[in-house]
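Participant: Got a predicted structure plus its sequence, pasted below:
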Amino acid sequence: PPNAAPASRPDSARGAAAATLTVRPGDWVVRLDQPYTALPRTVLAVQRYRADDPPPYDDTGWSLDQMRHLTVHTVADSSVLARPMRRLAADARVAGTVAGAGGTLAVPPLGDWRSASLPWALGAGARLTVADTAFAAGGATFPAGTALVPNTPAARAAVERLGLAATALDAAPSVRAHAVTPPRIAFIHTWIETQNEGWLRHALEEIGVPFTYASTQRLRDPRFLDRFDVVLFPHVSAAPAQVVNGRPMVGPAIPWRGSKLTPSLAGSPDSTDDIRPGLGFEGLANLRRFVERGGLLVTEGNSARLPVEMGFNPTVSVQATPRLVARGGIYRAQAQEPAHPVLYGYERRTFPVYFNQAPLFAVQGVGDAAAEARTRAVATNVVDTAIQRAAEDQRARVVLRFHPAADSLLVSGQLQNGDELAGRAAVVDAPVGRGHVLLFGIRPMWRYESQGTYAMVLNAMAHWNAFDVNRRAPAAVAGRAGPAATTPGGEQEQH
């Protein structure tokens, strides 16, 4: 149904035995009496890999409704095919609505990319605050993460375009909230590979999130990151040592740029005189300083190993799982900190996520903290509470974890020895100085398929300086390095 409830649903209701299903005017029906039936049957199927099946080449689970957090109802009654309906002649879209005529629009989060992209859709200069707790207003209740926007023609147009449901309140509600301004984003890639990060770049471009695209080599410049608030570093299939050191510096330089010999490279979004150098230890140090002064580093998949193994936050580590077999499938995860801004809109505690074998994280718990406190107090037998609190403020916390029951993990795909996956940390918020590193063990924007978790990345970037708003009275957040303007191509320039 195009006007269904929030998209952050549990597993699809596909196959559920419902007594009745009400189909309303405007709902979409995928007919299975057509020549192209194989397509919906394939993309909506549940995949099951047995332990004795041949090793898979790539992903083992691709159930589209699960990865997009949609509910699909299977209708066995063939009389539905005789009901009046017309063929879809254009791209399917949901038209947003605005109820009421007050001066403040309240836009609840849906747990999908539409509501999470609202800060960018409103355009430059728009005023936007986001509620950090649930509230009641105008005879309705609104969850934490609800956007509060002045009721302007531009705001109503953005709501309509994104297919959102807004309520125009007579007065701005009295609720704890924080201001949101779209951050300046550095999208970092390596010259080791660009295919995996290309899918994230494509998704952000389609959604309309501007960014500066740059290689790890640019981070060697100590001033390069001064003009950014967020660094997005997607998955790369290389060990942290290779990301830092690059390729062996033997033989001549290997350029990537347009020339008489390589004219097709002239249109590349980035170029270099030599693809061999990597991030370098100076680039690694600059990246850490960027976070320490208040920036947000977002990593996903294998790239998350870099800040972990380089000790950005010593309370989180990569967990070894030598027996686990979970090749590119869909698994159930649970919100561990549902009030974290990354999870605004995800009202269901359990939902499907895409995960491919590694990494999984281990975070020091309360028992470890007590042991550390005793160690610090050995010399004087006195615990300095200020130091203890500062240490706790820097402790990583689990935002999302995999389902704790091994037999409840698998949604679609392959899983063997699930006990090594059960209960493990899937998304971790690791404070570093005044900033944060967000570690995605899952692949939240995988190949344009895992759209149900797109909002986590967008939420993280939108609330880059408000991760602690629901933890306790937050410390002062870092300000921006300086004003910036965005060019039509996504490049952000310092003034």
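Facilitator: Done, it's in.
Participant: quick one: which helix or strand includes the closest residue to L410 other than its chain neighbours?
Facilitator: Spatial nearest neighbour of L410, excluding adjacent residues (Cβ to Cβ, 6 or more residues apart in numbering): Y331 at 6.2 Å. For the C-beta atoms, the positions are set from N, CA and C on the backbone; glycine is no exception. Counting by DSSP states H and E, the element that carries Y331 is strand 329-335.
Participant: List the contacts of that strand.
Facilitator: 11, 47, 49, 59-63, 66-67, 343, 346, 349-356, 399-404, 408-415, 421, 426, 442 (Cβ atoms under 8 Å, 6 or more residues apart in numbering).
Participant: Who does it pair with, and is each partner parallel or antiparallel?
Facilitator: strand 350-355 (antiparallel), strand 397-402 (antiparallel), strand 410-414 (antiparallel) (DSSP bridges).
Participant: after the last one comes which helix or strand?
Facilitator: The element immediately downstream of strand 410-414 (helix or strand, assigned by DSSP H and E) is strand 425-432.
Participant: sorry, back to before: starting at the chain centroid, how far to the strand holding Y331?
Facilitator: 14 Å (Cα atoms, centre = their mean, to the nearest Å).
Participant: Any of the contacts of strand 329-335 buried? List them.
Facilitator: 11, 47, 49, 59-63, 66-67, 343, 346, 351-356, 399-403, 409-415, 421, 426, 442 (16 or more other Cβ atoms under 10 Å).
Participant: R223: neighbour count?
Facilitator: 9 (other Cβ atoms under 10 Å).
Participant: Give me the pLDDT value at it.
Facilitator: R223 carries a pLDDT value of 96.
Participant: do the one 10 residues further on as well
Facilitator: With respect to pLDDT, F233 scores 97.
Participant: isn't it right next to G301, touching?
Facilitator: No: using Cβ atoms under 8 Å, F233 makes no contact with G301, being 9.9 Å away.
Participant: Show me the contact partners of stretch 51-66.
Facilitator: Against stretch 51-66 from outside (Cβ under 8 Å, 6+ apart): 11-12, 14, 43-47, 49, 70-72, 325, 327-330, 352, 354, 356, 411-414, 416, 449, 452.
Participant: shaky segments in the stretch 1-150 of the chain?
Facilitator: 1-19 (pLDDT under 70).
Participant: Do a quick rundown of the helices in it.
Facilitator: Along the stretch 1-150 of the chain, the segments classed as helices by DSSP state H, counting those that start in this stretch run 38-43, 64-67, 113-116, 118-121.
Participant: again, but for the stretch 201-350 of the chain
Facilitator: Going by DSSP H, counting those that start in this stretch, the stretch 201-350 of the chain shows helices at 240-245, 280-292, 305-309.
Participant: residues of the second one that come out buried?
Facilitator: Just to be clear, that refers to helix 280-292. Buried residues in helix 280-292 (16+ other Cβ under 10 Å): G280, G283, L284, N286, L287, R288, R289, F290, V291.
Participant: Figure out how far that helix is from the centre of its chain.
Facilitator: That offset, for helix 280-292, works out to 23 Å (Cα atoms, centre = their mean).
Participant: now do the shortest one
Facilitator: How far helix 305-309 lies from its chain's middle: 18 Å, per Cα atoms, centre = their mean.
Participant: Ends of stretch 137-155, what's the gap?
Facilitator: End-to-end distance of stretch 137-155 (Cα to Cα, to the nearest Å): 19 Å.
Participant: Pull out the buried residues from it.
Facilitator: A137, G138, F142, P143, A144, G145, T146, A147, L148, V149, N151, A155.
Participant: Next, format these as JSON lines and append distance to G123.
Facilitator: Listed next are the buried residues of stretch 137-155 as JSON lines, based on distance: Cβ to Cβ, whole Å:
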{"residue": "A137", "distance to G123": "25"}
{"residue": "G138", "distance to G123": "26"}
{"residue": "F142", "distance to G123": "23"}
{"residue": "P143", "distance to G123": "25"}
{"residue": "A144", "distance to G123": "25"}
{"residue": "G145", "distance to G123": "21"}
{"residue": "T146", "distance to G123": "20"}
{"residue": "A147", "distance to G123": "14"}
{"residue": "L148", "distance to G123": "17"}
{"residue": "V149", "distance to G123": "11"}
{"residue": "N151", "distance to G123": "15"}
{"residue": "A155", "distance to G123": "9"}
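Participant: tell me the two of the residues you listed that are most distant?
Facilitator: A144 and N151 (21.4 Å; Cβ to Cβ).
Participant: in the stretch 351-495 of the chain, which spans are helices?
Facilitator: Using DSSP H, counting those that start in this stretch, the helices of the stretch 351-495 of the chain run over residues 366-376, 385-393, 454-462.
Participant: Tell me the spacing between the residue nearest to L410 and R184.
Facilitator: In this view, Y331 and R184 are 34 Å apart by Cβ to Cβ, to the nearest Å.
Participant: now do G301
Facilitator: 24 Å.
Participant: now Q47
Facilitator: 40 Å.
Participant: Check V230 too.
Facilitator: 7 Å.
Participant: which residues sit in contact with G138?
Facilitator: So G138 contacts G100, G102, A106, T167, L169, D170 (Cβ under 8 Å, 6+ apart).
Participant: Tell me if I am right that the fourth one is in a strand.
Facilitator: Yes: remark: T167 belongs to a strand, assigned using DSSP: H, G, I helix; E, B strand; the rest coil.
Participant: Surely it and A101 touch.
Facilitator: No: the criterion here is Cβ under 8 Å, and T167 misses it with A101 at 10.5 Å.
Participant: and these two? which has more neighbours close in?
Facilitator: Between T167 and A101, counting by other Cβ under 10 Å, T167 is the more crowded of the two (20 against 9).
Participant: confidence score at the more buried one?
Facilitator: For T167, the predicted pLDDT is 96.
Participant: Contact partners for it?
Facilitator: T167 neighbours (Cβ under 8 Å, 6+ apart): V98, A99, G100, L105, A106, A137, G138, A140, F142.
Participant: Show me what the residue nearest to the second one when sequence neighbours are not counted is bridged to.
Facilitator: Using Cβ to Cβ, 6+ apart and skipping the chain neighbours, the partner closest in space to A99 is T167 (5.1 Å). Applying DSSP bridges to T167 gives these bridge partners: A99, A106.
Participant: what's the spacing between T167 and G208?
Facilitator: 24 Å.
Participant: What of Q66?
Facilitator: 26 Å.
Participant: before we move on, what about A335?
Facilitator: 27 Å.
Participant: Neighbour count for the two, which is higher?
Facilitator: Using other Cβ under 10 Å as the criterion, A335 and G208 rank with A335 on top: 21 against 13.
Participant: in the sheet, who's paired with that one?
Facilitator: L400.
Participant: Counting neighbours, which bits of the strand holding Y331 end up buried?
Facilitator: G329, I330, Y331, R332, A333, Q334, A335.
Participant: ok, for the fifth one, nearest residue in space, not its chain neighbours?
Facilitator: Read it as A333. V353 (4.6 Å).
Participant: How about the first one?
Facilitator: With Cβ to Cβ, 6+ apart as the criterion, G329 has its nearest non-adjacent residue at 2.3 Å, and that residue is G413.
Participant: quick one, what contacts the one you found?
Facilitator: 47-49, 59-62, 326-331.
Participant: Which strand residues bridge it?
Facilitator: R48.
Participant: burial count for V75?
Facilitator: For V75, using other Cβ under 10 Å, the count is 14.
Participant: hang on, isn't L81 packed against V30?
Facilitator: No: counting by Cβ under 8 Å, L81 sits too far from V30 to count as a contact (11.3 Å).
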